[in-house]
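Chemist: model the following, please.
(chains A and B)
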Amino acid sequence: MDKHRRDDSPSGLSDIVERDGLLGTGITSRHIEAFGRKVTSTAGHLMGPSGDPSTSTHYQNAMVDIHRELRRPSTQRKVFALAQTTPTDLVRSKLSTSEIQSRAISSLPDELLLNIPDDTSSYSLFEGFQATQNDHEYRKAHRRGRSKGKKLLKDKDGEQADPPSTLTELKKERDLLSRRMELMGVRKNMCSSEIVDIDNKIANFHRMRQIVLDRLAGLEMEEAELEHEVNEIDNKLDDMAEEEAAQAAQAAAAAAAATTAGSETHEEPASEDPAMDASFMSESIYQKLPSPRSLKHRSIRKRSMPVLHEHFAPGSEIKEFQAHTDVVTALDLDYPFGTMITAALDDTVRVWDLNIGRCTGFLEGHNASVRCLQIEDNVVATGSMDATVKLWDLSRARTTHRDNRVNKDEDDDAVSVAYSTSLEDCHVYSLDAHVGEVTALHFKGNTLVSGSADKTLRHWDLVKGRCVQTLDVLWAAAQASSLGNESQWRPSGRLPDASADFVGAVQCFDAALACGTADGMVRLWDLRSGQVHRSLVGHTGPVSCLQFDDVHLVTGSLDRSIRIWDLRMGSIYDAYGYDKPVTSMMFDTKRIVAAAGENVVKVYDKADGHHWDCGAGVGADETGPDPAIVERVRLKDGFLIEGRRDGIVAAWTC
Amino acid sequence: MTSSNLPYAADAESPLKPAELQVLRAQYEKEGDYVGVQTKFNYAWGLIKSNFRADQQEGVRLLSEIFRAHPERRRECLFYLALGNYKLGNYGEARRYNDLLIDKEPGNLQAASLRTLIDDRVSREGMVGIAIVGGLALAAGVVGGLLFRGQRR
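Modeler: Reported below is the predicted structural model:
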């Protein structure tokens, strides 16, 4: 009430309002003043004539006193202690929904406010803001400034500019430039801190990637276990079916009936499961009636596709085995983490399960070392120095070997011995017509082509197990030279390498056949006519390896180069060289890998043309024993296996 | 952080040109989800400098996001949050942030000036409220007085 009376004094009120305005640091809100004045004037008008002058001054003095007190912040705060904020703010924060929403969004909890670390940034946000702002302005100004500068130069050429004005202008410009220098510094800081920021983010993503990768690994393990269980149950089901079939067979009549039963069972269950007829029919029948369907049968293990290796960093090691005690001469795998077959000069052929990383058995039957081999699904073809090609069907061994594994959970040796005996059933047939060692082979579908040191290629029908035709390389070469468009057979530019195979590599697809020979030629044959329809000349040393897809043919040679040919044009598409002879090469969709007499695998990235090394020799320069030279490489979907001279076989991601 | 690296409150009262703000906004939108802290701050500060309340609110929201996501920028953000809330008239929040900053950095001139500004605003608006009430009372008194006088005549 007292206050109200004080307010009655017009001059007092105006005093308060005006001084209040001055009190603020420079920011005077006009309307408050105007309002104050209005109140003063109206009150003055109304009260002036009738008001008592003495009381008026009294009130005025009192007001000034009180106001002085009010000016002191402490008192001020005491007066408005209740009001941490203004009434309008209070009203707004309680009543307006949009206001409440925006506050809720932008409000910060106390624990965050308590956790305020020291500032370590090299520049403040405000500096950054200024720098960017000036940058935009500068860019705008710069366009004009440049033309201006040119004009200035012209002026100088034409007439003498005013010296004092140039001096001040130059000074101004210097200041401007030094200011810009400063801002440049800030902006540089901004950039580097942004880079650090991004690096941190990348590191974070790497960690996340690792976590997800671990999860993927776990899932794949689980998947493998589940698959194993499913296979076991399948096996049990097969066993039961087998027993039933055996009973049925016993009930059936003797010899004549038995043969018909044999062919019948061949018709029906072969489509279901080859494992069943494997144990049902005797081995002799099998050799007479090799089923193409059983060859085509896809492994039951292939139900799931491991993808883990695709996410590893390229060039990281997955597994390493001391597979053999001598030089690895050939190796192949069916799919990543699937089955691998290796052959070495120690005269053994081993079967490996890449998933568990163990040798699961031997393929025994050859009288000499195996020089070349291939695995496709469950079918393995091996070509040996004893001039034979042998065909194996791994799916026939699978059931027994599973049984073994289930029954005996003993040490590795016992198990592998058990496997090796069981793998004897795998042998499908021998293809023996060559008179020299088999150095190259390839099969696709029911067609197998083998190349031998007897200087011929043979084309086999896998259904009948017979040789369909013989392709004489020398004859083809002579014919080509007689036609006059090709040079005669010549033992390559250099001295014929004694170690080089006459036929270094073959690959067939349907009726198309490519073969690389010791004269450095790559010949493309048509299996229907048995004629060479194109020769690719270019290599100056024996061709040791080749592979083609629908567009390109890639060949590697002992002349130390790898050539990529355009299949359609028959012309060279690309070529690159290494320091040592290329002994083995393979490509997938992304990369070409090659063994080139070094302790690393040479990798060529097809997409970006980048060359890099992969393998044990990469990091091992001085430390430890030097890894042996890589002899053979195989690559499937980014899964690389390599075999070395000391018998070690390792798997890598690529 | 030295206090020279903070703007004074007066700086917040000068809005950017729409084109300038548009540049900042474009940059902010261009960087999308992985927006850098500086870009975000530039846009937020541009918004706070604006005269539109909605812009200012958005600016404060962005600042609070920066505060959450970047601990190393928290101390700086405190000041801008205080300033933004001051401009919005949320004096309670503004005081909360600013006082915290002053606790951390007693020598910070900008924060000290902002504190007086906030105190001022609060007291002035309080005064205005009192003035309004007083004015009304006065007017009532005068009218009553006039009527009374008229009656007496």
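Chemist: going by C-alpha atoms from here, please, whenever you check contacts or count neighbours.
Modeler: Fine.
Chemist: A:Lys171 - how many residues pack around it?
Modeler: 12 (other C-alpha atoms under 10 Å in any protein chain shown).
Chemist: secondary structure element for it?
Modeler: Per DSSP states H and E: A:Lys171 is located in helix A:163-251.
Chemist: touching chain B at all, that helix?
Modeler: Yes - counting by C-alpha under 8 Å from any C-alpha of the partner chain, contacts between helix A:163-251 and chain B involve A:Met190, A:Glu194.
Chemist: give me the pLDDT for the residue nearest to B:Ser50 when sequence neighbours are not counted.
Modeler: Nearest residue to B:Ser50, sequence neighbours excluded (C-alpha to C-alpha, 6 or more residues apart in numbering or on different chains): B:Pro15, at 4.6 Å. Here the pLDDT value assigned to B:Pro15 is 86.
Chemist: I figured B:Pro15 hits B:Trp45, correct?
Modeler: No - the pair B:Pro15 / B:Trp45 is not scored as a contact, 9.9 Å apart, by C-alpha atoms under 8 Å.
Chemist: between these two, which one's more packed in?
Modeler: Using other C-alpha under 10 Å as the criterion, B:Pro15 and B:Trp45 rank with B:Trp45 on top: 27 against 17.
Chemist: tell me which helix or strand comes right after the helix or strand hosting the more buried one.
Modeler: Using DSSP H and E, B:Trp45 maps to helix B:37-49. Proceeding N to C from helix B:37-49, the next assigned helix or strand is helix B:53-69, under DSSP H and E.
Chemist: that next one to helix B:37-49, inter-axis angle?
Modeler: Angle between the axes of helix B:53-69 and helix B:37-49 is 150 degrees (criterion: axes from the mean of the first three to the mean of the last three C-alpha atoms, to 10 degrees).
Chemist: for helix B:53-69, packing partners?
Modeler: The contact analysis (3 or more C-alpha pairs under 8 Å, 6 or more residues apart in numbering or on different chains; DSSP states H and E) places helix B:53-69 against helix A:97-106, helix B:37-49, helix B:74-88.
Chemist: could you chop chain A up by domain?
Modeler: A:174-237, A:312-401+A:419-653 (the TED database).
Chemist: is chain A contacted by the helix holding B:Trp45?
Modeler: Yes - using C-alpha under 8 Å from any C-alpha, helix B:37-49 comes into contact with chain A via B:Gln38, B:Phe41, B:Asn42.
Chemist: quick one: contacts for whichever residue of chain A sits closest to chain B?
Modeler: Nearest residue of chain A to chain B: A:Ser106, at 4.5 Å (C-alpha to the nearest C-alpha). By C-alpha atoms under 8 Å, 6 or more residues apart in numbering or on different chains, the contact set of A:Ser106 is B:Val60, B:Arg61, B:Leu62, B:Leu63, B:Ser64, B:Glu65.
Chemist: counting neighbours, which of those residues comes out on top?
Modeler: B:Val60 (29 neighbours).
Chemist: next, count neighbours for A:Arg634.
Modeler: With other C-alpha under 10 Å as criterion, A:Arg634 counts 23.
Chemist: surely it meets A:Asp588?
Modeler: No - using C-alpha under 8 Å, A:Arg634 is not in contact with A:Asp588, being 9.7 Å away.
Chemist: sorry, back to before: separation between the residue nearest to B:Ser50 and chain A?
Modeler: Per C-alpha to the nearest C-alpha, to the nearest Å, B:Pro15 is found 13 Å from chain A.
Chemist: for that residue, phi and psi?
Modeler: With angles defined as degrees, to the nearest 10, B:Pro15 shows backbone torsions of phi -70, psi 150.
Chemist: kindly report the same for B:Gly107.
Modeler: Backbone phi and psi, for B:Gly107 under degrees, to the nearest 10, turn out to be phi -90, psi 10.
Chemist: report the closest residue of chain B relative to chain A.
Modeler: B:Arg61 (4.5 Å).
Chemist: that residue - nearest residue in space that isn't next to it in sequence?
Modeler: A:Ser106 (4.5 Å).
Chemist: for the contacts of A:Ser106, could you give me JSON lines that also reports distance to A:Ala628?
Modeler: Below are the contacts of A:Ser106 laid out as JSON lines (distance: C-alpha to C-alpha, whole Å):
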{"residue": "B:Val60", "distance to A:Ala628": "66"}
{"residue": "B:Arg61", "distance to A:Ala628": "63"}
{"residue": "B:Leu62", "distance to A:Ala628": "61"}
{"residue": "B:Leu63", "distance to A:Ala628": "61"}
{"residue": "B:Ser64", "distance to A:Ala628": "61"}
{"residue": "B:Glu65", "distance to A:Ala628": "58"}
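Chemist: so what's A:Phe362 closest to, chain neighbours aside?
Modeler: Nearest to A:Phe362 is A:Arg350, by C-alpha to C-alpha, 6+ apart, at 4.5 Å.
Chemist: what's the neighbour count on that neighbour?
Modeler: A:Arg350, neighbours per other C-alpha under 10 Å, totals 20.
Chemist: which phi and psi does A:Gln531 have?
Modeler: Backbone geometry at A:Gln531, expressed as degrees, to the nearest 10, gives phi -110, psi 150.
Chemist: ok, A:Arg645 next?
Modeler: phi -70, psi -20.
Chemist: now for the closest residue to it other than its chain neighbours, how many residues are close by?
Modeler: Of all residues not flanking A:Arg645 in the chain, A:Val327 sits nearest, at 4.1 Å (C-alpha to C-alpha, 6+ apart). Other residues near A:Val327 come to 21 when the count uses other C-alpha under 10 Å.
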